[in-house]
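> Could you look at this predicted model? Sequence included:
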Amino acid sequence: MDGGSGVFTSHGGISESSANGATGGPGQPAATLAHDQILPVSDDSSMNSPKSHLRFSERLKALELVTDLGTDIGSRKWFRGLGTFIGLSAFALSFWPSFAPLEAAPTAPIGDAVRDEYRSQMILPLALGADSGRHMGATSLVQPLSEAPERPQIELLATLGRGDSFDRMLRRAGVGVVDAQRILDMVGGAMPLGEIEPGTQVDITLGRRPAPGSPRPLEKLAFRARFDLELTVGRLDEGGPLELVKKPIRVDDTPLRIRGTVGSSLYRSARAAGAPASAVQAYLKTLSQQVDLDRELRSTDTFDLIIAHRRAATGERQAGQLLFAGIDRGDKPKVQLMRWGRDGEFYEASGVGEQRGGLMAPVSGRVGSRYGMRRHPILGYTRMHSGLDYKAGYGTPIVAVTDGVVQSAGRAGGCGNAVKLSHGGGLQTRYCHMSRMAVSGGQRVRRGQVIGYVGSTGLSTGAHLHYEMYRNGRAVDPASVKYVTRAQLSGAELQRFRQTLSTLRQVEVGAALADLAPTANEVAEEEPKREIDKLDAPKPLR
């Protein structure tokens, strides 16, 4: 290349004039050259690079030390490239650092004073009660004591946990075997130990040990055994026997009456008036038996509920179950329901019990085979199917469709394990193929009570419930029977019910919220407590 002009050659032997014409020559169009048509640059003094550098480059290129190792494998050219690769790799590895240990300063000598300094900063002195291990480090000058002084008295607060026993609670608190047995005998004579509720806290005071290793003697034990009783076990004289002291607590059983306006929400209004959540839920459930709470209640109506309530002279309060549920709807008849009887059912003011409408499904599942003639899947011939077959999984609970008495419960031939209930008025129901029965003969059951579990006993091809109904001894279609049951009070029972209802309705609103006025004896027995004594609170036992 000279002054921007390229020197070229062609693959064929052509004349110089032909070549000039082919490339255009002077005044001709420029020609496109292939890479192999370019001739080496001629040796010219006008070039910038020295001649020696060009010759070295050409010779180095001719050696072909750097090649593609992926082509011409096994040739001389490939081996030259492999030698270059190995040489460069060895050169790089020659700079790899050695793993010889480094020289460092010599270890400083550690004497006894330094060891004592280290010992003072260990964790062990901290575990022994030091606020700083530096000050509590034990040296060779420290001599252990032959015996350590103990506290003359220990006060703690033990809690009776759920599933725990009073005996285990005493042992866990450190009470000796002899004292614990004596406490159990005295407390068990005052009240059954099983009636002590979980969560009861017991104040325990233990005295000085009579000898090293022996348990501490009990000096005093006090707890609230019942809402109306406090028990104290202690020694009247130092070293004397344990004695039990009963302290009855005066309790007022005036029920708590709450009234208010329904407003936008009956539940929120009752809760805002101070009624417990459980009592409000029971109130809504009871009231829904008589009133449609979504459609028949107005915001101006007045709710009225009375709850069992106890208040102790010591200030504690205890709310119980719902006793009375009422609603005043202005021009409409009042609804007044009161809990009555051993079963705790609610009755209207007239003595009529809560209404039980219709039958419950005996089991959760769809009907697979209905009442009527059918071909028996096991016997193979057509016969009467006197009931309904409910498809349900094995072990599904079976409930009574309404109140009744268990007439029989046991094996019943092809019916397998079966329970038969008598509901009065000549009506009976039977539940067959049970895997397990949950009632026994003569037992009274309530509507919705579990009486057994689905199985496949007797002539059965799989787990299901065969449910039958009889009227005066004859089978009827269970799907065709719907009825309502209501309890009715009469005679002396109705008279007592009305007297109790009249007394209950005379309770003043909020009368049970006032504190009980102390009696003269309670004022005399109350001892003044010094401010310094209030600081000595018992330590809880976890």
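Received it, and whenever you're ready, just let me know what you need.
> I'd like to know which elements the helix or strand containing Ala92 is packed against.
Using DSSP states H and E, Ala92 sits within helix 76-93. Using 3 or more CB pairs under 8 Å, 6 or more residues apart in numbering; DSSP states H and E, no helix or strand is in contact with helix 76-93. C-beta: built from backbone N, CA, C; applies to glycine.
> ok so Tyr118 is a strand residue?
No - counting by DSSP: H, G, I helix; E, B strand; the rest coil, Tyr118 is located in no strand; its state is helix.
> Counting neighbours, show which residues of stretch 436-453 come out buried.
Met437, Ala438, Val439, Val445, Ile451, Gly452, Tyr453 (16 or more other CB atoms under 10 Å).
> for stretch 313-322, same thing?
For stretch 313-322, by 16+ other CB under 10 Å, it's Ala313, Ala319, Leu322.
> Looking at these, which are in helices?
Assignment to helices by DSSP state H places none of these there.
> Looking at those, which one is closest to Ser75?
Ala319 (102.0 Å; CB to CB).
> all strands in the stretch 201-350 of the chain, in order from the N-terminus.
Secondary structure of the stretch 201-350 of the chain (DSSP state E, counting those that start in this stretch): strands located at 201-206, 218-226, 229-235, 242-248, 251-252, 256-261, 302-312, 317-328, 335-340, 345-348.
> ok, the closest residue to Thr314 other than its chain neighbours - how many residues close by?
Leaving aside its sequence neighbours, Thr314 sits nearest to Ile249 (CB to CB, 6 or more residues apart in numbering; 5.9 Å). Neighbourhood size, Ile249 [other CB atoms under 10 Å]: 16.
> Quick check: Ile249 touching Ala225?
No - counting by CB atoms under 8 Å, Ile249 sits too far from Ala225 to count as a contact (9.9 Å).
> can you pull out the strands in the stretch 401-542 of the chain?
Going by DSSP E, counting those that start in this stretch, the stretch 401-542 of the chain shows strands at 404-411, 417-424, 427-437, 444-445, 450-454, 464-471, 474-476, 484-488, 539-540.
> Surely Leu184 forms part of a helix?
Yes - Leu184 forms part of a helix when assessed by three-state DSSP.
> Please report phi then psi for the closest residue to Leu193 other than its chain neighbours.
Closest residue to Leu193 apart from its sequence neighbours, by CB to CB, 6+ apart: Phe166 at 5.2 Å. Torsion angles at Phe166 (phi, psi; degrees, to the nearest 10) stand at phi -60, psi -30.
> how about Leu266, what does it touch?
Taking CB atoms under 8 Å, 6 or more residues apart in numbering, we find Leu266 in contact with Leu284, Leu293, Leu297, Phe303.
> In CSV, list the residues you listed along with distance to Gly458, pLDDT and neighbour count.
Formatted as CSV, the contacts of Leu266 follow (distance: CB to CB, whole Å; pLDDT from 0 to 100; neighbours: other CB atoms under 10 Å):
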residue, distance to Gly458, pLDDT, neighbour count
Leu284, 43, 89, 16
Leu293, 45, 81, 14
Leu297, 50, 86, 16
Phe303, 52, 92, 25
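> Keep only those of these that are in helices.
Per DSSP H, the subset of those in helices is Leu284.
> next one: the helix holding Ala92 to chain centre, how far?
Mean-position distance between helix 76-93 and its chain equals 70 Å (CA atoms, centre = their mean, to the nearest Å).
> Which is the succeeding secondary structure element to the helix or strand of the chain with the lowest mean pLDDT?
Across the helices and strands of the chain, mean confidence by mean pLDDT, DSSP states H and E is lowest for helix 16-23: a mean of 46. As assigned by DSSP H and E, the chain's next helix or strand after helix 16-23 is helix 51-63.
> That following helix versus helix 76-93: what angle between them?
Relative orientation of helix 51-63 and helix 76-93, computed by axes from the mean of the first three to the mean of the last three CA atoms, to 10 degrees: 110 degrees.
> in helix 51-63, what counts as buried?
In helix 51-63, no residue is buried by neighbour count (16+ other CB under 10 Å).
> as a whole number, average confidence for it?
Averaging pLDDT along helix 51-63 yields 76.
> Can you get me a residue count around the nearest residue to Glu147 once chain neighbours are set aside?
Nearest in space to Glu147, with sequence neighbours left out and distances taken as CB to CB, 6+ apart, is Pro212 at 7.0 Å. A count of neighbours around Pro212, defined by other CB under 10 Å, yields 7.
> Tell me how far Pro212 lies from Gln143.
Distance of Pro212 to Gln143, computed by CB to CB, to the nearest Å: 19 Å.
> Next up, the contacts around the residue nearest to Leu193.
Here Phe166 is in contact with Leu160, Leu184, Val187, Leu193, Ile196 (CB under 8 Å, 6+ apart).
> can you rerun that using 10 Å?
Shown in contact with Phe166 (CB atoms under 10 Å, 6 or more residues apart in numbering): 158, 160, 180, 183-184, 187-188, 193-194, 196, 200, 202, 223.
> Which pLDDT value belongs to it?
Looking at Phe166, its pLDDT reads 90.
> What distance do you get for it to Gly189?
Taken as CB to CB, the span from Phe166 to Gly189 is 13 Å.
> Low-confidence regions, the stretch 401-542 of the chain specifically.
Applying pLDDT under 70 to the stretch 401-542 of the chain flags residues 482-487, 522-542.
> any idea what sits nearest Trp340, other than its immediate chain neighbours?
Tyr347 (5.1 Å).
> Who does the one you found form a beta bridge with?
Counting by DSSP bridges, Tyr347 forms beta bridges with Met338, Gly353.
> What is the burial count for it?
Count around Tyr347 with other CB under 10 Å applied: 22.
> pLDDT at it, what is it?
84.
> these two touch, right, it and Ala325?
No - counting by CB atoms under 10 Å, Tyr347 does not reach Ala325; the two are 11.0 Å apart.
> Next, show the common contact partners of those two.
Common contacts of Tyr347 and Ala325 (CB under 10 Å, 6+ apart): Gln336, Leu337, Met338, Arg339.
> can I get these in JSON lines with pLDDT, distance to Ala512 and neighbour count?
Formatted as JSON lines, the shared contacts of Tyr347 and Ala325 follow (pLDDT from 0 to 100; distance: CB to CB, whole Å; neighbours: other CB atoms under 10 Å):
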{"residue": "Gln336", "pLDDT": "88", "distance to Ala512": "20", "neighbour count": "20"}
{"residue": "Leu337", "pLDDT": "88", "distance to Ala512": "20", "neighbour count": "25"}
{"residue": "Met338", "pLDDT": "90", "distance to Ala512": "17", "neighbour count": "22"}
{"residue": "Arg339", "pLDDT": "89", "distance to Ala512": "17", "neighbour count": "20"}
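> Could you point out which of the strands of the stretch 401-542 of the chain sits nearest Gly207?
Per CB to CB, nearest to Gly207 of the strands of the stretch 401-542 of the chain: strand 539-540, 15.8 Å.
> ok so, going back, adding distance to Asp237 as columns, could you present the shared contacts of Tyr347 and Ala325 in a markdown table?
What follows is these, written out as a markdown table (distance: CB to CB, whole Å):
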| residue | distance to Asp237 |
| --- | --- |
| Gln336 | 60 |
| Leu337 | 59 |
| Met338 | 55 |
| Arg339 | 51 |
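> Which two of those have the greatest separation?
Gln336 and Arg339 (11.9 Å).
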